[in-house]
Each structure stands twice: as structure tokens, then as C-alpha cells.
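*Asks:* Here is a sequence with its predicted model. Questions after.
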Amino acid sequence: MRACIALALAVAGCSPAPLTELLVVADTDLAVPDALTGVRFVVEGPRGDVQEASVDFAAGDARPAVLALVHRGGPLGPLTVEVIGERGTQEVLTRTARVDFVSGQVLGLKVVLRAGCVGVACGEGETCGELGCRSIDVEPDELAPWAPADAGVMDASGCACDDGVACTIDVCRDGGCVHVPDPSACGDDGLACTSATCDVQRGCVHEPDDVACDDAIACTADSCDGELGCVSEPSDAACHDGVACTVDRCDGELGCVSTPDDAACDDGVACTVDRCGASGCERTPSHASCAPGELCDAEEGCERGPSFTEVYAFFESRCTSCHGGSDPDGDLDLSTPSVAWASLVDVPARCDGSPRVAPGNARASLLWRKVARTDLCGDRMPPSGPPASGSDAALIERWIDAGALND
């Protein structure tokens, strides 16, 4: 009865048919367990990968020890196999073999750890064998055919172990079958977000990994689809910016994009300019949208503005003492309503040339700027006494913005 250990030494693809395998059979003529308690296998593959396996005769592992090396794609060799005889933790002797797989064949390599080799030092590239030192290179004709059954591995106990699962290494141990998963036998499915595992019943399984699909875009739901690979689903609901008038959407490359929608701010008042700003809806009255003599109220719409008669009442109370008679100050004659209107509307001011009254635009009118004390061009107006009240300035502003009509 043999102790059998399996190692897979290559990657890529499923197990070829027929099976390509090398079974290293290690035995000794040393006394067990007094002189030798076990053996350790160290195998270096064609690509420099190293794997180890051990058999402990003192613990009851059967002799000879059998190491099953299964080829699963890639170069056939060379393999460097060291069989180390041990007594406890002490290395007693070592035999080395350099060998290639033979495609499509299951062959055996017999290695005997002989008492006559203990303490023998061979030259570089040599090992101690049955007849003394020899080359570590093993020719194909030195390998013995192995007796397979149904493409599985059969040992002297007569058990056949092929389970029909391509990614398992099937070996016989102590009269029973051992199926060792070998994920390296599972080929790449072409999807970057899956990882291959070997299930001893289902065979190769490619497990999706959603984390591998994270695109760093916060508003996308990222997942790994077993057929499509990474899938990113944009979610507009994840992009609300707190501004009611924006259209919020998730762009698969840019992330959240919020687009202002002025139409969402329409207040139904025809004379207001409605737009969506950074903090929400902004509504600006547009007096130009109303008829001459009207002003835009942001809530009520167009309504009648102040008359010139109302404005002239302010002039009579505060201005005609300076701007009347035969020599009015600044050539501005406000002595009568008709004369006052003709002296103000679209008439350039003497101090800076700007219009005294620009119909529809109080801010461009020197009259309002002087009354509101925002422009000191020329003399203070009125030159003495308290300045015009805020309501008086607002009256003049509204009259000008309504078109500065003479009614």
C-alpha cells in the first residue's frame, strides 16, 4: 500500500486527454523508523515555482511514498525533484532528479534512498544512485510505464479514482480515493471581475466579485455579471442636490450632473424673468414687459405707476425755491409741471452730461441718483434741510421706471 501525494505544477486550461503525469516513487533500504523516519519532496517546476510535500513513516504513512505530479498545461519540463530522507529534523541523505513530462503518458520515476549513499558527496550536476554518483538528468527510457485505470491513478491496492471533474487531482491513498481541488486548472473566463475556484463536485466555478467593479463614481451601482463582466447602473435618485429647480441625473463617467431648469421656476406672472439659480428659483421684475406708465410687481404683475402729478408735489415742497423763477439753479426750471417735465425727461445734466431722467431706467437718471444721495454730481439736493425721504426717492424711482410719463 502506498502513500500518495498530489501536486499540480502548471496553470492554464483543463486537464489534457490523455493524462500527462509523473509519479515519483520513493523508497529506502535504511531501517525505518530507526535510521529514517520519513521523506520530503521538493519540486521546482519549469517556471521556477517550488512546491513541497512530506511523508512521515514514523507516523504510520505507508511505504513506498508516491508523489503524483500532474501536468496541466505549459512546458513539459524540466522538473527538478529532490527526495530528502529525514530522521526527525535531520537530513540523512538526498537524491536529485531532473526530468521532463512525456506528453500523454503516465510514467513512474523510482528513487531509492540507499544506505550506501549516506555521507557520499557527488560533483555538481550529480546525485548518488544505485551504482554510485550519476547525472541528475533522467532520460525518458528510465521512466517506467504506470498502470492507469479509466485515466485515473491506480495503486497496488487496486482503487481507481477518476471523479470526472477536470479541476481535481485524483489519487489513491491507503486504499481510498483523494480528490484535491486545483484552481490552476480552471481557465480564464475572460472576465476581469471573476475569480476561479475548483469545487470538487461542480468543477470550475468563476465567482463574481462586485468590489472589483467599483468605478469610483458614487452614483452608480457596480456589480459583476457572470456573463457580461462589470456592469454599472446609474442612479439618478442618488444625485439630488437640494435645489428644487435643477434636473439631477447620474452620468456614468462624470458622476452627478445637475442642470438648471428655468421652466420649473415659472411663477405665472408674465412680467417677471424667472430663472433657476444656485440656491433655487430667482424672480426679477421686468418693467419693460409692462405697458407705458405701468410697473411690474413680482406678485401682482403689471400695475399702474405713480403719476407726474404726484412727483411734482414733491418738487413743489422741496425744489421750486431753487429751481424756479428767472434764473433757476443749474438751468433746471421746475416752476410749473409742464416746464418741469420738459426740463427733466431726456435732457442732459449740466454737471456730467447724463440724462436728468432716462424713461424706464431710474438708475441711469441723475434726478433719482441725486434724490437718493447715490450721486453727488453738482450741488447737494436739496441744498439745505433734511434729505429726501426714502419714500420720496422710491416715488421718483417708480415714476421713472414706469416710463416717466407726463400725466
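*Replies:* Yep, that arrived.

*Asks:* The stretch 51-200 of the chain: strands as residue ranges?
*Replies:* Remark: strands assigned in the stretch 51-200 of the chain by DSSP state E, counting those that start in this stretch are 65-70, 79-87, 90-99, 106-113, 126-129, 132-135, 144-145, 168-173, 176-181, 194-199.

*Asks:* and Val39, how far is that from Leu109?
*Replies:* 14 Å (CB to CB, to the nearest Å). All C-beta spots, glycine's among them, are computed from the backbone N, C-alpha and C.

*Asks:* ok, Ser195 - contacts?
*Replies:* His206, Glu207, Asp209 (CB atoms under 8 Å, 6 or more residues apart in numbering).

*Asks:* cool, and Glu233?
*Replies:* Contacts of Glu233 (CB under 8 Å, 6+ apart): Thr220, Ala221, Asp222, Ser223.

*Asks:* Out of those residues, which is nearest to Ala58?
*Replies:* Nearest to Ala58 among the contacts of Glu233 is Ser223, at 52.8 Å by CB to CB.

*Asks:* Now do that closest one against Ala212, distance only.
*Replies:* Remark: distance between Ser223 and Ala212 (CB to CB) = 10 Å.

*Asks:* shared neighbours, those two?
*Replies:* Common neighbours of Ser223 and Ala212 (CB under 8 Å, 6+ apart) are Cys230.

*Asks:* Checking the spatially most central residue of the chain next. Helix, strand or coil?
*Replies:* Most central in the chain under CA atoms, centre = their mean is Asp215, positioned 2.1 Å from the mean C-alpha point. For Asp215, the assignment made with DSSP: H, G, I helix; E, B strand; the rest coil gives coil.

*Asks:* Return the residues in contact with it.
*Replies:* Going by CB under 8 Å, 6+ apart, the list of residues near Asp215 reads Asp222, Cys230, Ser232, Gly252.

*Asks:* surely Val111 meets Val99?
*Replies:* No. Under the criterion of CB atoms under 8 Å, Val111 makes no contact with Val99, lying 10.4 Å away.

*Asks:* joint contacts of those two?
*Replies:* Val81.

*Asks:* picking up where we left off before, more neighbours, Val39 and Leu109?
*Replies:* The neighbour comparison of Val39 against Leu109 (other CB atoms under 10 Å) goes to Val39, with 29 against 21.

*Asks:* Test of understanding: give the bridge partners of that one.
*Replies:* Val55, Gly85 (DSSP bridges).

*Asks:* now do the one 4 residues further on
*Replies:* Assessed by DSSP bridges, Val43 has beta-bridge partners Gln51, Val81.

*Asks:* contacting residues around it?
*Replies:* Leu7, Leu9, Val50, Gln51, Glu52, Ala53, Leu67, Leu69, Leu79, Thr80, Val81, Glu82.
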